[in-house]
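Participant: One predicted model, sequence on top.
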2 protein chains.
Amino acid sequence: MSLENKFNSLSTKNAPGQEIRQSDQNINRIMIGKKMDGILVDFSHGDVDAFKPTPNSRKNWEQGFLNGASQAYTEYRGSFEIRNKLANRLSNFTNKTICPENELIITPGTQGALFLAMGSIINNGTKVAIVEPDYFANRKLVNFFGGKIVPVKLNYKNSEIKNSLDLDHIENIFKKGVKVFVFSNPNNPTGIVYSNDTINKIAKLSEKYNITLVIDQLYSRMLYSGESYTHLCSCDTLPKSILTIMGPSKTESLSGFRLGVAFGTSRLIERMESLQAIVSLRASGYNQAALNTWFNEPKGWINDRVRKHEEIRDELLKVFRNGGLQTTTPQAGSYLFPKLPQLTVELHDFVRLLRFQANVIVTPSTEFEPNCKNRIRLNFSQNKEEAISAAERIVEMTKIYQI
Amino acid sequence: MSLENKFNSLSTKNAPGQEIRQSDQNINRIMIGKKMDGILVDFSHGDVDAFKPTPNSRKNWEQGFLNGASQAYTEYRGSFEIRNKLANRLSNFTNKTICPENELIITPGTQGALFLAMGSIINNGTKVAIVEPDYFANRKLVNFFGGKIVPVKLNYKNSEIKNSLDLDHIENIFKKGVKVFVFSNPNNPTGIVYSNDTINKIAKLSEKYNITLVIDQLYSRMLYSGESYTHLCSCDTLPKSILTIMGPSKTESLSGFRLGVAFGTSRLIERMESLQAIVSLRASGYNQAALNTWFNEPKGWINDRVRKHEEIRDELLKVFRNGGLQTTTPQAGSYLFPKLPQLTVELHDFVRLLRFQANVIVTPSTEFEPNCKNRIRLNFSQNKEEAISAAERIVEMTKIYQI
């Protein structure tokens, strides 16, 4: 693939957080009615002013800074002292023993972990199974490393059927040369959590067909009432090569620190470190110290945070469903993925109109599922009242632009 | 290239900062004499305890943290406000106008800038001219992106000849299909600064043959008495595609923040941002605020820092030259690249012995120039007395292991 094509496929024009670079050109030509009142809500990512970073994250950073040289220049895979603590806590969380020396790497964000993981296992022509919809960077990463995407459909449109990955289809593509399977659980953007049965079957099939698994568990701590979560890495049967990815950017609001981890097969962790050495050497040394707060929050803090997100989830679901927008109930995470009615404008224009006319920033569904052109994704980790009001404006906008 | 081979070529076993992962196995079998006394000096990188981070860098970070969401989630290319200030200051420094909107990106360290730059211009089969010796990651990056290294020899061994890149050779390889030329100026590891004449000729040849230039100017502020520096980006004749890379990790000791910048051709900056979006989204948002101190240090602070490094340089040059180790005088930067006498042990074993027996960590020359097996690189940004004592131990070790 030429560099020109390679970079066209990486376009960030519609990526979350880059809306400032979109043009407002000709927006007046397609706008119907007036600009709406209401405080700007940026649903493209969580609002760390509404849900503040973990208590003590700043204090830990400062201690890291004061530690000086030893903290500034850690091993490329991160400070051993911090890896040691994390391995312990993550072993407890996942119910899988993780060796701090060889099986864990600290990365610049969960995005960094995903990049290093995929760069370590995907080469020209590698066939990679990717769920649709799923985190927008997964497909871009496969393209960048020269791999070939083999799509796996997730049924999230029928609220009667849960966890609906087609396991027969998965076995079929594993048989036909897929080498790598990358997916997020909870799923981004739908918030679906795969069942214990599904996760165990994926583990078994991957072992049988020698598939390398990358499971992005970024949102696995934000689990709502009545839901249960299975860590694939703790299944009885496992493939030889497996990486689990997590980070404190979401539930814990530490995104400004750019911290993540990957843990799993030591040979792959070693490759990730070699790649990290030429990508950016290490996650910022001082920032690594903020990981001391992770899985070490004050008692009740996480529960309280999850409960507050659940309240917002329930309110927004009401608004969208009352407005006629089909929306899957997220079992975890802070994303909603409502379906829009048929509109008189294209999805990307509607998204621009939402920003310009209704003061609401959302991400178009095409970022997650190229052929899905009638949904928007919202990160509802926001101020509750402002989010409800913004959701009401979205519904109002669908009425204005409905066919 | 198979992933196995690709990652073998990325091995970090001898990379600076990774010495802790080297084995001490069998060291006693080859060791002659006893362990030496003396405080451990890690010459693999600068000591930010000896030369502290820029005043106010911590205060600026804290202000960034307190700014909250707007600082945590910047554009992928970095906060516009900070880019705006930097573009201004870097325009003054380089004497080249830089547009903050389109011609500058903030990256996770200078390493991050180099990775994004090379990833944006090197594809399978791209011929890339690389100086030997030069920064160790340059060659690894070409390999990783599937390019083909075309070496350009730098003569640093004859102290009578300065700036000795062979421009006829360079024109010759440009004629023969080289598309990209990447080099550091000042050169790492020798500290050579290319003359005004050399830089202007490289610019002209690159324009003539349509070469994309990447100039790593990481050390361009640490310029010693009587030396002058030419910024290639300010030459009269320039190629269509050019990127300059800098960062505050060295002279300013902000390495623990992982911050760098690249500026130049807007189409390439755009590509770098698209790549950044899948690599790690952005340089840590809070850390970006520390860039407010860059090129904005207290009056006299930089001059004082350069003068102190020059003192250490001069002392170490005396120690090595008195000990019979040929060493090029660095014109800038904080690296020395002394030549070892013929030894009874291999270079990599001598480096391990230095660490184990003499409490001195250095980087073997093979990291910078694969065929050079008789030099070591030292970053002398260290406590002066400890560095002198460690240099004396290095000389003593060469006497012990000399043939």
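Facilitator: Nice, I can see it.
Participant: Going by C-alpha atoms from here, please, whenever you check contacts or count neighbours.
Facilitator: Noted.
Participant: what pLDDT does A:S2 get?
Facilitator: For A:S2, the model assigns a pLDDT of 87.
Participant: Quick check: closest non-adjacent residue to the residue of the stretch 1-150 of chain A found nearest chain B.
Facilitator: Of all residues in the stretch 1-150 of chain A, the one sitting closest to chain B is A:A72 (4.0 Å; C-alpha to the nearest C-alpha). Distances taken as C-alpha to C-alpha, 6 or more residues apart in numbering or on different chains place B:G256 nearest to A:A72, at 4.0 Å, with adjacent residues excluded.
Participant: ok, back up a step: in this structure the residue of the stretch 1-150 of chain A closest to chain B contacts A:G285, no?
Facilitator: Yes. With contact defined as C-alpha atoms under 8 Å, A:A72 counts as touching A:G285 (4.4 Å).
Participant: okay, and the common contacts of the two?
Facilitator: B:G256, B:F257 (C-alpha atoms under 8 Å, 6 or more residues apart in numbering or on different chains).
Participant: how far away is the residue of the stretch 251-400 of chain A found nearest chain B from A:G285?
Facilitator: Closest residue of the stretch 251-400 of chain A to chain B, C-alpha to the nearest C-alpha: A:G256 (4.0 Å). Per C-alpha to C-alpha, to the nearest Å, A:G256 is found 14 Å from A:G285.
Participant: Then A:R352?
Facilitator: 38 Å.
Participant: A:D314: neighbouring residues, count only.
Facilitator: 12 (other C-alpha atoms under 10 Å in any protein chain shown).
Participant: Equivalent analysis for the one 4 residues further on, please.
Facilitator: Counted by other C-alpha under 10 Å, the residues lying close to A:K318 total 16.
Participant: helix or strand right after the helix or strand containing it?
Facilitator: For A:K318, the host element (DSSP states H and E) is helix A:301-322. Proceeding N to C from helix A:301-322, the next assigned helix or strand is strand A:335-336, under DSSP H and E.
Participant: Name the strands paired with that next one and say parallel or antiparallel.
Facilitator: strand A:376-379 (antiparallel) (DSSP bridges).
Participant: same question for the strand it pairs with, mean pLDDT?
Facilitator: The model assigns strand A:376-379 a mean pLDDT of 98.
Participant: Let me have that strand in PDB, keeping just the CA atoms, if that works.
Facilitator: This file holds the C-alpha atoms of strand A:376-379, laid out as PDB (Å, rounded to 0.1, in the frame of the first residue of the first chain):
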ATOM      1  CA  ILE A 376     -23.900   8.200  17.100                       C
ATOM      2  CA  ARG A 377     -21.700   7.300  20.100                       C
ATOM      3  CA  LEU A 378     -21.800   9.300  23.300                       C
ATOM      4  CA  ASN A 379     -19.500   9.000  26.300                       C
END
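Participant: Quick one: residues in contact with it.
Facilitator: A:43-46, A:189, A:334-340, A:362-365.
Participant: rerun at 10 Å
Facilitator: For strand A:376-379, the external contacting residues (C-alpha atoms under 10 Å, 6 or more residues apart in numbering or on different chains) are A:16, A:42-47, A:188-190, A:313, A:333-340, A:347-348, A:350-351, A:360-368, A:387, A:391.
Participant: okay, the angle between the helix or strand that comes right after that strand and helix A:301-322?
Facilitator: Going down the chain from strand A:376-379, the next helix or strand is helix A:384-401, by DSSP H and E. Put simply, helix A:384-401 runs at 20 degrees to helix A:301-322, going by axes from the mean of the first three to the mean of the last three C-alpha atoms, to 10 degrees.
Participant: Please see if helix A:384-401 touches chain B.
Facilitator: No. Helix A:384-401 does not reach chain B (C-alpha under 10 Å from any C-alpha of the partner chain); its nearest approach is 15.5 Å.
Participant: Buried residues in that helix, which are they?
Facilitator: Residues of helix A:384-401 classed as buried: A:384, A:387-395, A:397-398, A:401 (neighbour count, 16 or more other C-alpha atoms under 10 Å in any protein chain shown).
Participant: Tabulate those residues (CSV), appending pLDDT and distance to A:F263.
Facilitator: Output for the buried residues of helix A:384-401, formatted as CSV (pLDDT from 0 to 100; distance: C-alpha to C-alpha, whole Å):
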residue, pLDDT, distance to A:F263
A:K384, 98, 35
A:A387, 98, 35
A:I388, 98, 38
A:S389, 98, 40
A:A390, 98, 38
A:A391, 98, 37
A:E392, 98, 41
A:R393, 98, 42
A:I394, 98, 40
A:V395, 98, 42
A:M397, 98, 44
A:T398, 98, 43
A:Y401, 98, 47
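Participant: Nearest to A:M222, out of those: which one, please.
Facilitator: A:K384 (16.8 Å; C-alpha to C-alpha).
Participant: quick one: the closest one and A:F43 touch, right?
Facilitator: No. Under the criterion of C-alpha atoms under 10 Å, A:K384 is not in contact with A:F43, lying 12.0 Å apart.
Participant: before we move on, the earlier item: I'd guessed the residue of the stretch 1-150 of chain A closest to chain B sits against B:G17; true?
Facilitator: No. Contact criterion C-alpha under 10 Å: A:A72 and B:G17 do not qualify, at 11.1 Å.
Participant: before we move on, back to that, filter the contacts of strand A:376-379 to the buried ones?
Facilitator: Using 16+ other C-alpha under 10 Å, the buried ones in the contacts of strand A:376-379 are A:16, A:42-47, A:188-190, A:313, A:333-340, A:347-348, A:350-351, A:360-368, A:387, A:391.
Participant: burial of A:N322, as a residue count?
Facilitator: 12.
Participant: do A:C372 as well
Facilitator: 16.
Participant: mind checking how far it is from A:H348?
Facilitator: Counting by C-alpha to C-alpha - A:C372 and A:H348 are separated by 12 Å.
Participant: overlap in contacts of the two?
Facilitator: Shared contacts of A:C372 and A:H348, counting by C-alpha under 10 Å, 6+ apart, come down to A:P364, A:S365, A:T366.
Participant: For the second one, which residues are in contact?
Facilitator: In this structure, A:S365 makes contact with A:14, A:133-134, A:136, A:189, A:337-339, A:347-348, A:371-377, judged by C-alpha under 10 Å, 6+ apart.
Participant: now the last one
Facilitator: Listed by C-alpha under 10 Å, 6+ apart, the contact partners of A:T366 are A:N14, A:A15, A:P133, A:F136, A:L347, A:H348, A:C372, A:K373, A:N374, A:R375, A:I376, A:R377.
Participant: Now do the SS call for the second one.
Facilitator: Going back to what we said before, that points to A:A15. Secondary structure assignment for A:A15 (DSSP: H, G, I helix; E, B strand; the rest coil): coil.
Participant: Can you get me a residue count around it?
Facilitator: With other C-alpha under 10 Å as criterion, A:A15 counts 20.
Participant: Just to check, it is in contact with A:F136?
Facilitator: Yes. Between A:A15 and A:F136 there is a contact under C-alpha under 10 Å: 8.0 Å.
Participant: can you list residues touching both of the two?
Facilitator: By C-alpha under 10 Å, 6+ apart, the residues touching both A:A15 and A:F136 are A:T366, A:E367, A:F368.
Participant: I'd guessed the last one sits against A:Y135; true?
Facilitator: Yes. Judged on C-alpha under 10 Å, A:F368 makes contact with A:Y135 at a distance of 5.8 Å.
Participant: Identify the contacts common to those two.
Facilitator: By C-alpha under 10 Å, 6+ apart, the residues touching both A:F368 and A:Y135 are A:N188, A:P189, A:T190.
Participant: Kindly reformat those residues as JSON lines containing distance to chain B, pLDDT and secondary structure.
Facilitator: Output for the shared contacts of A:F368 and A:Y135, formatted as JSON lines (distance: C-alpha to the nearest C-alpha, whole Å; pLDDT from 0 to 100; DSSP: H, G, I helix; E, B strand; the rest coil):
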{"residue": "A:N188", "distance to chain B": "16", "pLDDT": "97", "secondary structure": "coil"}
{"residue": "A:P189", "distance to chain B": "17", "pLDDT": "97", "secondary structure": "coil"}
{"residue": "A:T190", "distance to chain B": "21", "pLDDT": "96", "secondary structure": "coil"}
